[in-house]
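Peer 1: For reference, the sequence and a predicted model appear below.
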Amino acid sequence: MEAEGTKGTEGRIVGVAVDFSACSRKALKWTIDNLIRNGDNLVLVTVQPEGHYEEGEMQLWEATGSPMIPLAEVADPHTMNKYGIKPDAETLDIVSTASRQKGIIVVMKIFWGDPREKLCEAVDRTPLSCLVIGNRGLGTLKRAIMGSVSNYVVNNADCPVTVVKVSDN
């Protein structure tokens, strides 16, 4: 995947924040149905909590984020175990189908730390043409205490950010 010069209409680099929850799957589906075009690159950006890792790939990439991980390796449990990631079958099916049907390249980039800061870092490091993020629909009190990741990213990322809200149903 070539990052330089891909912010035009062909070969855009579209990021989706994924944590393998129903909320992130909804954002992923929305992105594929409404935003992704043939020839685009889809980057699944996931942020894991910081920790003290003694083995595996996490220790190597904690400061800068992982290298771009191709879809074939994202689907490999052994490879993902090295990064401490367990993608769910539904997310893997969604991206595999989109890759085949839309002719897109799908990769994953893993960061460790505060999701708000690391998602903004992903925009700059990749660089992303745009980012789609799900909104868990926290109530006013929880949002005030915990802070809204999506709100922070919308206000601080250096690219367009789309927030896909979870319905109240």
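Peer 2: Right, received. Where do you want to start?

Peer 1: nearest spatial neighbour of the most centrally placed residue in the chain, skipping sequence neighbours?
Peer 2: Centroid-nearest residue in the chain: V45, 2.3 Å away (criterion: CA atoms, centre = their mean). Here the nearest residue to V45 in space, its sequence neighbours aside, is A122; by CB to CB, 6 or more residues apart in numbering that works out to 4.6 Å. The C-beta positions use only the backbone N, C-alpha and C, and glycine is treated the same way.

Peer 1: so where does that neighbour fall, helix or strand?
Peer 2: A122 is part of helix 115-125 when elements are defined by DSSP states H and E.

Peer 1: State the mean pLDDT of that helix.
Peer 2: When the per-residue pLDDT values of helix 115-125 are averaged, the result is 91.

Peer 1: next one: stretch 47-60
Peer 2: Computed over stretch 47-60, the average pLDDT equals 64.

Peer 1: any idea how far P67 lies from N41?
Peer 2: 15 Å (CB to CB, to the nearest Å).

Peer 1: out of the two, which sits in the more crowded spot?
Peer 2: Neighbour comparison, P67 and N41: the larger count goes to N41, with 22 against 13 (by other CB atoms under 10 Å).

Peer 1: Show the contacting residues for the more buried one.
Peer 2: For N41, the contacting residues are M1, T6, G11, R12, I13, V14, I104, I105, V106, V107, taking CB atoms under 8 Å, 6 or more residues apart in numbering as the criterion.

Peer 1: Check those and tell me the two furthest apart.
Peer 2: Taking CB to CB as the measure, the contacts of N41 span a maximum distance of 14.9 Å, between T6 and V106.

Peer 1: So for these two, which residue has more residues nearby?
Peer 2: Taking neighbours as other CB under 10 Å, T6 and V106 compare with V106 leading, 26 against 18.

Peer 1: ok, that one touching V95?
Peer 2: Yes: taking CB atoms under 8 Å as the definition, V106 is a contact partner of V95 at 4.8 Å.
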